[in-house]
Structure formats: C-alpha cells, structure tokens
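The following comprises the amino acid sequence and a computationally predicted model.
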Amino acid sequence: MPPILRIPNSIVGAMIAHARELDPYECCGLLAGTPGTVSRHYRITNTVAQDARAVAVFDEADVKPLAALSESTRAEVAYFMEPKEMLAAFKDMRARELDLTVIYHSHTHSPAYPSMTDVGLAYYPEAAYLIISLEDKTTPDLRAFWIKDRRVTPAAIETI
Amino acid sequence: MIKVRIPTPLRTLTKGRGEVESAGSTIDDLIGRLNQAYPGIKDRLCDEQGELRRFVNVYVNEEDIRFLKGKDTALKSGDDVSIVPAIAGGC
C-alpha cells in the first residue's frame, strides 16, 4: 500500500492560495518530502499558453487538441510546467535529500478528479497527483490520486 | 564517463538505478549505448523515426538540448545528462 500523504496545513493553504490567485487559469506545482510526509512546496509557472512544446506534448499523447484553442483558453483547461523551473526544483530536492511526493494543479471549473488529459500525461508514477478544484469557489476541494499505467486509484491525504 | 539521471518510470530497465554512467560522443550515441546496456530504453525515449519523444526533456549540464544541437549535441567526459519527462495535464 502506498503511504498516506501527510501534508502540513500551511502547504495546503499555500496551494489553495496559488489556485485562487491564478483562477480562471490553472496553477501547478510540486511538493517534496520524505516518504509519506510533505515538507516543501514549489510553485511552478504554467506555460501552456506560451510554450509551443506544450502543443507538441499534448498532441503526441493524443489528449487535448491545444492548437484548436486560443492561447488564453489553453491555460483555463490545461497546464504545462515550465521545464527550467522543474529542473531547478528537482535539483533543490536532491540537495535537500527530499523526494518528489506530489504533483499538483488546479481545475478551475471542474471536479477534483483526474481528466483523461491528466491520465494520458502522467509520467511520474512515484508521485501522487493532487488536484485542487475551484468548481465551488467558496469551498475548494482537494483530492489526490496515484496514476500508474493509466490506472487511477485514490491517494489518502492527511493534513497535519 | 558521462553521468545520466534516469527518471523513475525507466528505472525498471536500469535495475532500479536512478543514475547510471555511460560513454557517448553525442546524445544520439549515448542513447544507443544506453540501449545496449539497458535494452528497451531507446524505445521509451525515441519514436519509430528515432526522434526524441516530445514529452522527454534532455539536459546536458542543465541546458535543454533543444536549444543546443538536439540529438547531435556533443558530450564530453564529466558531463551530466538528465532525462526529465514533462509534467502537464488539465481539466
């Protein structure tokens, strides 16, 4: 059984704040820690609207036809983490001897469940995929999932 | 030798190792040699035409090879190569 993910309250709050700040656009980021316990939060810029590579990555996985959407619409329905920021976050994790534990993003107008796009682009089986839904703007809903070989199972979260 | 960082999904091919060493004069050469040592790794990184899959980012000493010479990017002993899958999704 994968471990229960323990996430400090302050980091949960910071993720929700991130999601609200970028609403109606999707936010994204990474959490790191020791197995099962999150201790570090990295905001990563969502460059889906600006980076031509995003279109190629989505097309290759045959998930969402990004090219058919205007650039501003793209960021309302998708995210693509800025590669250099990702690399810097991974480097920081190695320096601190932390593991990647969570990959998060927001759904600004749909529930906190992985979409086919999320499943088709899940290349990190070791991390839980956490989604912050702002479908109900007053009550954000957070849920996490393991996505392995296109199979989705709920990941237990405990706020500490 | 060149140090290569392997992402988790490919570690089933590298006997669980997250970092391996290999020789190679270019990224293309390195991938060929990695495939000899760890059969199947090339198919995971490259498409049928032998081009790097789009979701696979390759960095040489933290420089994205797409901004260098792609698969023809030259390597020398002591270089650090990182293979980092993209992180993306959406509602």
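That came through fine.

For chain B, which segments count as helices?
Using DSSP state H, the helices found in chain B span residues B:27-37, B:41-45.

now what about the longest one, what contacts it?
Put plainly, it is helix B:27-37. The contact list for helix B:27-37, computed with Cβ atoms under 8 Å, 6 or more residues apart in numbering or on different chains, reads B:2, B:4, B:20, B:22-24, B:41-42, B:45-46, B:58, B:60, B:65, B:70-73, B:75, B:81. From N, CA and C alone the C-beta is placed, and that goes for glycine too.

how far does stretch A:32-48 sit from the chain's center?
For stretch A:32-48, the gap between its own C-alpha mean and the chain's C-alpha mean amounts to 9 Å (Cα atoms, centre = their mean, to the nearest Å).

do it and chain B meet at all?
Yes. Contact of stretch A:32-48 with chain B (Cβ under 8 Å from any Cβ of the partner chain) involves A:44, A:48.

one step back: mind checking which of the contacts of helix B:27-37 are buried?
The neighbour count (16 or more other Cβ atoms under 10 Å in any protein chain shown) marks B:2, B:4, B:20, B:22, B:24, B:41, B:45-46, B:58, B:60, B:65, B:71, B:73, B:75, B:81 as buried among these.

Pick the one among these closest to chain A.
B:Val58 (10.6 Å; Cβ to the nearest Cβ).

Need the pLDDT of that closest one.
Predicted confidence (pLDDT) for B:Val58: 97.

Then B:Asp28?
For B:Asp28, the model assigns a pLDDT of 97.

mind listing what's buried in stretch B:76-83?
Neighbour counts over stretch B:76-83 (16+ other Cβ under 10 Å) mark B:79, B:81-83 as buried.

Which ones among those also lie next to chain A?
The residues of the buried residues of stretch B:76-83 that also fall near chain A, by Cβ under 8 Å from any Cβ, are B:Ser82.

Could you export the buried residues of stretch B:76-83 as CSV, including pLDDT?
Output for those, formatted as CSV (pLDDT from 0 to 100):
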residue, pLDDT
B:Asp79, 97
B:Val81, 97
B:Ser82, 96
B:Ile83, 96
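
export the buried residues of stretch B:76-83 to TSV and tack on distance to A:Asp59?
Below are the buried residues of stretch B:76-83 laid out as TSV (distance: Cβ to Cβ, whole Å):
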residue	distance to A:Asp59
B:Asp79	31
B:Val81	26
B:Ser82	24
B:Ile83	21
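
Which one of the buried residues of stretch B:76-83 is nearest to chain A?
Nearest member of the buried residues of stretch B:76-83 to chain A, counting by Cβ to the nearest Cβ, is B:Ser82, at 6.9 Å.
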